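# Sequence first, predicted model second:
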Amino acid sequence: MIEEVKEEILSGLLGLLVIYGVILLLPVIPALVYAEFESAVPFLATGILVATLSFLVRRKIRARESYSRVSSIVIASAGWMLVSAIGAIPFVAVMGFNPLDALFESMSGFTTTGMTLITDFEATPHSILFWRSLTQWIGGVGIILLFTLILVGGGIGSWRLYHLEGREEKFTMSTIATIKRIWLIYTVFTAICAIVLLLLGMPPFDAVNTSMAALSTGGFLTKGSILQFGRAEIQVVLCVFMTIGAISFSLFYNILRFDYKHILRDVETKFLIGILLICGVLVAAFLLIAGFDPGYALLEGFFNTIAIMTTTGFSSVDLNTWPLAAKSILLLLMMIGGCSGSTAGGMKVWRFIVMYRAAKMEISKISLPPIAVKPIKIGGKALEEGYAVRVGAFVFLYVFAILVQFVVMSAMVPDALGAISLVASAQGNVGPAFYPVTKVPLAGKALLIASMWFGRLELFPVLALFSKELVDALRAKKEKAYV
């Protein structure tokens with residue numbers, strides 16, 4: 001019944017807020033360590049209030065361990081906006097941001113976009129810097145996946161929430177077991193990255209925050225630029241961990257199982273590495289032609305190519321000083337993104353492979369009889385019928401959404417390249433753009449907030465949230481017809 005659906009949605013959102021309230025308490029630790037007691041108060045008060053109220057209200061309704069299709073769509077889509085809105089409170093209370101700017105910073109963190117309105121990092125409290133990194137680290141795997149792991153009992157309900165986070169591949173029989181392994185792999189790599197950065201001389205606080213930003217492919221830094229840490233070796237190490245963050249978790253799971261058969265068939269990772277190498281060389285070559293120093297061209301060319309394609313977006317140089325050819329390559333990489341099943345954004349390399357193979361098949365079919373059947377094969381496996389059409393629909397919507405946003409943004413930003421880079425970067429959850437986000441008017445920031453949310457959930461769940469079919473389902477007398 002419709003009341004059951006409402007109860008499921010309320011139970012899910014309240015459960016999410018209980019977990020989220022506890023997470024909000026973590027920035028209190030750096031606030032106390034660095035004696036920034038005033039900045040601890042908003043986190044402490046908000047965290048306790050959110051967790052306590054959500055827990056008490058949830059106790060009065062029947063808690064759910066599984067959710068219908070309709071409930072899952074609402075929880076996944078609205079949940080991201082809800083946590084971002086609450087996560088904006090510390091930016092208002094501590095940084096003095098207006099509510100929209102605060103929501104922008106919070107959404108940029110949770111969606112691992114990395115666009116920021118903070119300009120004076122030295123004056124920013126450690127609690128806020130840590131909070132920004134923490135939002136990205138949690139958002140990298142997904143706040144809904146954390147909720148699913150802790151409060152959802154498994155079965156089809158957990159698979160629905162997992163799928164709505166933009167994930168398709170399940171590398172164990174159980175969805176919950178898959179999520180546990182994802183979090184384990186993610187945590188271990190983050191710890192390894194932090195240790196390596198410490199050994200290279202990065203201060204402990206910066207090492208922890210930078211490692212969270214690297215593995216989440218988020219890009220928030222504790223400084224204005226990665227160059228402020230002063231060692232090229234740090235950039236090289238970050239190139240490795242940014243790439244790791246952009247590779248599917250299933251590959252690392254197969255490596256741990258010594259499953260060489262699946263490792264060798266991982267076409268997507270091969271394409272990712274190949275694109276990074278080719279584009280890195282091209283960008284470096286264009287920088288050399290433009291008169292930049294060879295060492296600079298090689299290091300910054302590859303570092304920024306990797307930072308952009310993995311959608312990490314670490315800042316190291318002013319990209320506006322680069323030649324148009326180099327910036328054009330980076331703009332294309334913003335749209336491609338990393339591998340499916342990773343923390344990276346963008347359209348994903350896998351979808352480009354599918355579209356390429358589909359186009360190649362259509363060309364080859366021209367010379368074949370009309371009745372000929374030629375399936376699309378990737379990695380030795382034939383794709384199921386209709387899969388390429390679904391991927392094509394996603395790619396169309398993705399590109400169309402960017403074009404529509406570009407037209408709107410062009411009315412607010414005088415630079416065409418800057419306008420399209422802003423919307424492509426926001427929807428791809430990348431971060432850097434060829435126009436300062438601090439100069440974007442409030443209406444433009446509101447558009448970018450929606451774009452980041454839209455892009456992080458990979459379009460369909462947000463579109464479904466406002467679809468006629470969902471409204472009809474919520475109005476239906478028998479909810480079971482939609483389970």
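Alright, I've got the coordinates. Given the structure is predicted, the values throughout are model-derived calculations rather than measurements.

# What count of nearby residues applies to Phe43?
The number of residues packed around Phe43, counting by other CB atoms under 10 Å, is 26. All C-beta atoms are positioned from the backbone trio N, CA, C, and that covers glycine.

# got the contact list for it?
Contact partners of Phe43, counting by CB atoms under 8 Å, 6 or more residues apart in numbering, are Leu24, Leu25, Leu26, Pro27, Val28, Ala31, Pro90, Ser127, Trp131.

# Pull out the buried members of those residues.
Neighbour counting by 16 or more other CB atoms under 10 Å classes Leu24, Leu25, Pro27, Val28, Ala31, Pro90, Ser127, Trp131 among the contacts of Phe43 as buried.

# Could you let me know which of these ends up closest to Ser364?
Each of the buried ones among the contacts of Phe43 was checked against Ser364 using CB to CB; the closest is Trp131, at 52.8 Å.

# contacting residues for that closest one?
By CB under 8 Å, 6+ apart, Trp131 lies in contact with Pro27, Phe43, Gly87, Pro90, Gly109.

# likewise Phe91?
Under the criterion of CB under 8 Å, 6+ apart, the contact partners of Phe91 comprise Phe97, Asp101, Ala102, Glu105, Ser106, Ile128.

# Of those residues, select the buried ones using a ChimeraX command.
Applying 16+ other CB under 10 Å to the contacts of Phe91 leaves a buried subset, and the ChimeraX line that selects it is:
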select :97,101,102,105,106,128
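
# ok, which pair from the contacts of Phe91 is furthest apart?
For the contacts of Phe91, and using CB to CB, no pair is farther apart than Asp101 and Ile128, which are 13.2 Å apart.

# so what pLDDT did Glu3 get?
In the predicted model, Glu3 carries a pLDDT score of 66.

# no, scratch that, I was asking about Gly341
The per-residue pLDDT reported for Gly341 equals 87.

# how would you label it: helix, strand or coil?
The assignment at Gly341 comes out as coil when based on DSSP: H, G, I helix; E, B strand; the rest coil.

# The stretch 51-200 of the chain: helices as residue ranges?
69-87, 89-93, 99-110, 126-141, 143-151, 155-164, 175-199 (DSSP state H, counting those that start in this stretch).

# next one: the last one to chain centre, how far?
Put simply, helix 175-199 sits 16 Å off its chain's centre (CA atoms, centre = their mean, to the nearest Å).

# Mind giving me the packing neighbours of the helix or strand that it is followed by?
Remark: after helix 175-199, the chain's next helix or strand is helix 204-215, criterion DSSP states H and E. Counting contacts by 3 or more CB pairs under 8 Å, 6 or more residues apart in numbering; DSSP states H and E, the secondary-structure elements packed against helix 204-215 are helix 126-141, helix 175-199, helix 232-245.

# quick one, helix 204-215 and helix 175-199 angle?
Regarding helix 204-215 and helix 175-199, their directions subtend 130 degrees when assessed with axes from the mean of the first three to the mean of the last three CA atoms, to 10 degrees.

# Distance of the residue nearest to Leu459 when sequence neighbours are not counted relative to Asn429?
The shortest distance from Leu459 to any residue other than its chain neighbours is 5.4 Å, reached at Leu397 (CB to CB, 6 or more residues apart in numbering). As for Leu397, its distance to Asn429 is 16 Å (criterion: CB to CB, to the nearest Å).

# if you count what's nearby, which of those two comes out ahead?
Neighbours around Leu397 and Asn429, counted as other CB under 10 Å, are more numerous at Asn429. The numbers are 32 against 15.

# Double-check that the more buried one belongs to a helix.
No: note on Asn429: no helix contains this position according to three-state DSSP, which reports coil.

# got a list of what it touches?
Residues in contact with Asn429 (CB under 8 Å, 6+ apart) are Thr111, Thr112, Thr113, Gly114, Thr217, Thr311, Ala344, Gly345, Gly346, Met452, Gly455, Arg456.

# what helix or strand is the nearest residue to it once chain neighbours are set aside on?
When the adjacent residues along the chain are set aside, Asn429 lies closest to Gly345, with 3.1 Å between them (CB to CB, 6+ apart). For Gly345, there is no helix or strand it lies in under DSSP H and E.

# right, and Gly345 touches Ser216 too?
No: using CB atoms under 8 Å, Gly345 is not in contact with Ser216; the gap is 10.6 Å.

# Common neighbours of these two, please.
Thr112.

# out of these two, which sits in the busier spot?
A count of neighbours by other CB under 10 Å puts Gly345 above the other of Gly345 and Ser216, at 33 against 28.

# how close does the more buried one get to Arg456?
Distance, Gly345 to Arg456, by CB to CB: 7 Å.

# Common neighbours of these two, please.
Any residue near both Gly345 and Arg456 by CB under 8 Å, 6+ apart counts here, and that gives Thr111, Thr112, Thr113, Asn429.

# For burial, what's the neighbour tally of the third one?
Meaning Thr113. Summarising burial for Thr113: neighbours were counted as other CB under 10 Å, giving 33.

# Then Val462 would be within a helix, right?
Yes: assessed with three-state DSSP, Val462 lies in a helix.

# close enough to count as contact, Ile255 and Ile263?
Yes: contact status for Ile255 versus Ile263: in contact at 6.3 Å, counting by CB under 8 Å.

# Excluding chain neighbours, what is closest to Gly337?
Gly346 (1.5 Å).

# Do you know the pLDDT at the one you found?
If you check Gly346, the pLDDT there is 93.

# and what of Leu197?
Among the per-residue scores, Leu197 shows a pLDDT of 96.

# Over to the most far-flung residue of the chain relative to its centre. Which of the three states is it?
Here the centre of the chain is the reference, and by CA atoms, centre = their mean the most remote residue is Pro369, at 44.0 Å. What three-state DSSP gives for Pro369 is coil.

# check contacts around Glu362.
No residues are in contact with Glu362 under the rule CB under 8 Å, 6+ apart.

# Now do it against Val391, distance only.
14 Å.

# mind listing what Leu251 touches?
Applying CB under 8 Å, 6+ apart, one finds that Leu251 lies in contact with Ile263, Asp266, Thr269.
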